[in-house]
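**Q** Have a look at this prediction, sequence included:
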Amino acid sequence: MKTLAPPPGPPLNTAEAVPQLIAATAHTLPEQLNALVRARAFAEPLIASEALDSGENTLAHADAVAAILKTIGGSEAMQAASYLVYSCVHLNKPEEVITKAFGANFAALAVETTKLVRVQQQARGAQALDDPALQTENVRKMLLAFSRDLRVVMLRLASRLQTLRFHAATKLPMSPSLARESLQVFAQLANRLGIWQVKWELEDLSFRFLEPDTYKEVARLLDEKRGEREVYMEQLRARLESDLRARSISASVQGRPKHIYSIVKKMRGKSLNFDQVYDIRALRVVVPTVKDCYAALSWVHQRFAPIVEEFDDYIAKPKANGYQSLHTIVRDDLNGKPIEIQIRTQAMHEHAEHGVAAHWAYKEAGTKGYAGVAATGEYDAKIAVLRQLLAWERDLAGHAQKSNGLFEDRIYVLTPEAAVVDLPQGATPVDFAYTVHTSLGHRCRGAKVDGVMVPLNTALQNGQTVEIVTVKEGRPSRDWLNAELGYLTSNRAKAKVRAWFNAQATHETVARGREAVERLLQREGKTAVKLDDLAVQLGFKSAEALFEVVGKDEFSLRNIETVLRPAEPPQNDDDYLLLKKPRGNESSSPKGGVLVVGIDSLMTQLAKCCKPAPPDDIRGFVTRGKGVSVHRADCSNFREMAAKNGERVIDVDWGLPKARATDKPAVYPVDVAVEAADRQGLLRDISEVFAREKTNVIGVQTQSVKGTAWMTFTVEVADSGRLNKVLGIVAGVQGVRSARRR
């Protein structure tokens, strides 16, 4: 089909003009009128004044395409589609508009055909004229289009034939690439579909533009003595028909058309002169039954001397596309000239002329959607033809690989609904499942190939029908990613399996992080905090992002504690304590037993956020009006304040004086966090441990959520090192999961 030329003006405004066009069509065309009449009336105002790239009037081209389709047995619905295809480029929303006017089936057909035209034009323009990749790529496009709707291919064939006829009639030149594509792709497609009537004409017209001198020379040789040859053949035809009827064989004998391209192919293939080509003189015998075919053959071989090596029985062994006939070449006993005689039944003749179109019935009411089939017979026919197209593509690709190594290995297999799936060579049923749909791949548990159960790592072959056995809900297997086991070949399928496992790992990580954050909020008594707000405050886009880094241990919970426990407000420079140089001793032991190095008589206090106790590593921070606040070195609040005001950090150490006998040892409050399975008597049992270990408890906070208890004990200790022993005993209490210093 020639690429549609853009209209001279803007496309018809769908929002305004098209509804009126549809309404007018419906008003002027009663429902009883067929789709063909309505489609032409719909398209005429859109394309009557338009022209294709070839220069042919678009409406005239559509009329001719419809006529060709009718000749080869296409239904009225298929003929109607020829008008709708050419209307697409003149509509802003063609699928929507055509659906409203004619239904989704017609709309999808028209749009899909238009897409195929554009794709083939791009492929034709992008490759060299003698590049064999061109024809294979076009075959693949045809194949995939055919898998959705045979009518797409039929429309393309009829349109290309009409384009060739137009160039021949107007004597306008045709680009070599278009002529070569017509010969190598379109004519071969007609051959594979068995539409000989179209095949011969496509070949002759294409050859006429590719090799005009050779074409003219053979045409001249055919014209020479044409009258004498035609008189001779008519006499022979009448005599053969009469003799067969005399033998009670109801036969119709006709002269067979002479096709220039087939003559040239035979001359070149067998190195023959023109006079040596047998099928210049040929007859076709059409009889009622197969039995009559062999009876007629027997009489012909009795009546004439057969050339044995030129006999072919395509009835017993049909050609790949279903063609059936008896071919024999005999010599006339009068002059010894060779004569080709073909013998077939009427049904064989119709199939030979029209191929798949002769038995493919597309009925608008009977088609199940765009890619459906109406009956088992149609399905079987579709499968049969698809297999021929698959074989054709494989032959072309294999030939090109041997000669030029141009092609990546591909195979085409069929779904149970006869849709084509494009896969890499060596692909398995698992590859197939993921190519059809990701969900089908995840749920794949078995496969049938041509109706037989096979292992999931079986390498598929061209043309096989694959059916996937699934479970309702499933997940991929990690074995599928093991290259040695051979379950996956397609990079796309491998990526989908990896993505599934990555998503599962991320989900588990996020769940782990969420649990940790929620536990922290419960311990801090901050369960009312909105998680998304907390995440944004910490610099994350969402709570999920926060949970993920926490779950990966890439983000400390102490950072969250810092946000939950605001640091002291920043101080102005003039609020700093004036530090006096030391007098006398270089160190002193102020209240609380803390030694502040290099500063005399300085007030100190233990920070409540981390509650340091000997022998913790400690640091000091000069505060406003409260002296030095002493923190544990690992305190997150201290690190944040030190980062902002490093000049206010001073060195501190535990300066414990020598105790007198009458002095009580200094004690320090320390927070202990306990997580346990909640049960009756839990608090009592833990408290008894502290009492037994002579550890004074001065405060308790408890919270229980969904069977888990979080407890915070504030205890007094003289030495935090001894606390570790006590916590070890607490951890051994029944139900306790962890006991640690906060």
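**A** Yes, it's here. What you are looking at is a predicted structure, and each value in this text was computed from that prediction instead of being measured. Residues are numbered from 1 along each chain as shown.
**Q** Sketch out the low-pLDDT regions of the stretch 1-150 of the chain for me.
**A** Residues of the stretch 1-150 of the chain that meet the criterion pLDDT under 70 lie in 1-33, 116, 118-150.
**Q** in the stretch 251-400 of the chain, which spans are helices?
**A** Using DSSP state H, counting those that start in this stretch, the helices of the stretch 251-400 of the chain run over residues 260-270, 290-303, 346-354, 376-404.
**Q** Flag every buried residue along the first one.
**A** Spelled out, that is helix 260-270. If you call a residue buried by 16 or more other Cβ atoms under 10 Å, then helix 260-270 has these buried ones: 260-264, 267. Where C-beta positions appear, they are placed from N, C-alpha and C, glycine not excepted.
**Q** Let's verify residue 669: helix, strand, or coil?
**A** strand (DSSP: H, G, I helix; E, B strand; the rest coil).
**Q** Can you give me every residue that contacts it?
**A** For residue 669, the contacting residues are 606, 611, 613, 698, 714-716, by Cβ atoms under 8 Å, 6 or more residues apart in numbering.
**Q** Point to the helix or strand of this structure where mean pLDDT is at its lowest.
**A** helix 17-28 (a mean of 39; mean pLDDT, DSSP states H and E).
**Q** after that one comes which helix or strand?
**A** helix 35-47 (DSSP states H and E).
**Q** Skip the chain neighbours and tell me the closest residue to residue 555.
**A** residue 549 (4.1 Å; Cβ to Cβ, 6 or more residues apart in numbering).
**Q** correction: residue 210
**A** Closest residue to residue 210 apart from its sequence neighbours, by Cβ to Cβ, 6+ apart: residue 179 at 5.0 Å.
**Q** any idea which helix or strand carries that neighbour?
**A** Using DSSP H and E, residue 179 falls in helix 176-181.
**Q** and the next helix or strand after that helix, what other elements does it pack with?
**A** With elements assigned by DSSP H and E, the helix or strand that comes after helix 176-181 is helix 187-193. Contact here means 3 or more Cβ pairs under 8 Å, 6 or more residues apart in numbering; DSSP states H and E; on that basis helix 187-193 packs against helix 132-148, helix 150-170, helix 196-210, helix 376-404.
**Q** Comparing those, which yields the minimum mean pLDDT?
**A** For the helices and strands packed on helix 187-193, mean pLDDT drops lowest on helix 376-404, to a mean of 49.
**Q** Show me what the helix or strand just after that helix is packed against.
**A** Tracing the chain C-terminally past helix 376-404 and defining elements by DSSP H and E, one meets strand 410-414 next. For strand 410-414, the packing partners by 3+ Cβ pairs under 8 Å, 6+ apart come out as helix 132-148, helix 376-404, strand 420-424.
**Q** redo that, cut-off 6 Å
**A** Contacts defined by 3 or more Cβ pairs under 6 Å, 6 or more residues apart in numbering; DSSP states H and E place strand 410-414 against strand 420-424.
**Q** wait, doesn't residue 718 sit right on residue 667?
**A** Yes - between residue 718 and residue 667 there is a contact at 5.2 Å, judged by Cβ atoms under 6 Å.
**Q** which neighbours do the two share?
**A** Here residue 718 and residue 667 share no contacting residue, scored by Cβ atoms under 6 Å, 6 or more residues apart in numbering.
**Q** can you pull the buried residues of whichever helix or strand residue 674 is part of?
**A** Following DSSP H and E, one finds residue 674 within strand 668-677. For strand 668-677, a neighbour-count test (16+ other Cβ under 10 Å) marks 668-676 as buried.
**Q** buried set for the helix or strand following that strand?
**A** As assigned by DSSP H and E, the chain's next helix or strand after strand 668-677 is helix 682-692. Neighbour counts over helix 682-692 (16+ other Cβ under 10 Å) mark 682-683, 686, 689-690 as buried.
**Q** Which members of those residues are the farthest-apart pair?
**A** Spatially, the most separated pair among the buried residues of helix 682-692 is 682 and 690, at 13.3 Å (Cβ to Cβ).
**Q** For the spatially most central residue of the chain, which three-state class applies?
**A** In the chain, the residue lying closest to the centroid (Cα atoms, centre = their mean) is residue 435, at 6.1 Å. Counting by three-state DSSP, the backbone at residue 435 sits in helix.
**Q** Tell me how many other residues crowd the closest residue in space to it that isn't next to it in sequence.
**A** Excluding its sequence neighbours, the residue lying closest to residue 435 (Cβ to Cβ, 6+ apart) is residue 421, at 5.5 Å. Using other Cβ atoms under 10 Å, the number of residues around residue 421 comes to 19.
**Q** Now do the same contact list for residue 421.
**A** Residue 421 neighbours (Cβ under 6 Å, 6+ apart): 413, 432, 435.
**Q** quick one on the thing from earlier: quick check: the residue nearest to residue 555 touching residue 557?
**A** No - Residue 549 lies out of contact with residue 557 (Cβ under 6 Å); the separation is 11.1 Å.
**Q** now, the most widely separated pair of the buried residues of strand 668-677?
**A** 668 and 676 (25.0 Å).
**Q** Let's test this: mean pLDDT of stretch 501-510, rounded?
**A** Mean per-residue pLDDT for stretch 501-510: 84.
**Q** tell me which residues in it are buried?
**A** For stretch 501-510, burial by neighbour count (16+ other Cβ under 10 Å) applies to 509-510.
**Q** what separates that stretch from the chain centre, distance-wise?
**A** Centroid separation for stretch 501-510 versus its chain: 24 Å, with Cα atoms, centre = their mean, to the nearest Å.
**Q** try stretch 289-300
**A** 54 Å.
**Q** Can you name the residues in contact with it?
**A** Residues from elsewhere that reach stretch 289-300, judged by Cβ under 6 Å, 6+ apart: 244, 247, 249, 285, 287, 326, 341, 343.
**Q** In contact with the second one, which residues?
**A** Applying Cβ under 6 Å, 6+ apart, we find residue 247 in contact with residue 299.
**Q** I'd like the distance between it and residue 615.
**A** Counting by Cβ to Cβ, to the nearest Å, the separation of residue 247 from residue 615 is 124 Å.
**Q** so where's the stretch 401-550 of the chain uncertain?
**A** In the stretch 401-550 of the chain (pLDDT under 70), the answer is 401-410, 418-420, 463.
**Q** Can you tell me the closest non-neighbouring residue to residue 468?
**A** Excluding the flanking residues, the one nearest residue 468 by Cβ to Cβ, 6+ apart is residue 433, at 4.8 Å.
**Q** Could you check how many residues crowd around that neighbour?
**A** 26.
**Q** Would you agree it is in contact with residue 443?
**A** No - checked against Cβ under 6 Å, the pair residue 433 and residue 443 is beyond contact range at 8.1 Å.
**Q** any chance you could map the helices in the stretch 601-742 of the chain?
**A** Along the stretch 601-742 of the chain, counting by DSSP H, counting those that start in this stretch, helices occupy 636-644, 682-692, 720-731.
**Q** what do you get for the stretch 451-600 of the chain?
**A** Applying DSSP H, counting those that start in this stretch to the stretch 451-600 of the chain gives helices spanning 491-523, 531-537, 543-551, 557-564.
**Q** chain center to the last one, what's the gap?
**A** From the chain centre to the centre of helix 557-564 is a distance of 45 Å (Cα atoms, centre = their mean).
**Q** List the buried residues for that helix?
**A** 557, 560-562.
**Q** Now render those as a markdown table, adding distance to residue 518.
**A** A markdown table is the format used below for these (distance: Cβ to Cβ, whole Å):
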| residue | distance to residue 518 |
| --- | --- |
| 557 | 11 |
| 560 | 11 |
| 561 | 14 |
| 562 | 18 |
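**Q** export the residues you listed to CSV and tack on pLDDT and distance to residue 504?
**A** Listed next are the buried residues of helix 557-564 as CSV, based on pLDDT from 0 to 100; distance: Cβ to Cβ, whole Å:
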residue, pLDDT, distance to residue 504
557, 80, 25
560, 81, 26
561, 77, 30
562, 73, 32
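**Q** nearest to residue 728, of those?
**A** For these, the nearest to residue 728 is residue 557 (22.5 Å; Cβ to Cβ).
**Q** How about the closest one: what's its closest non-neighbour residue?
**A** Per Cβ to Cβ, 6+ apart, closest to residue 557 is residue 520, 5.3 Å.
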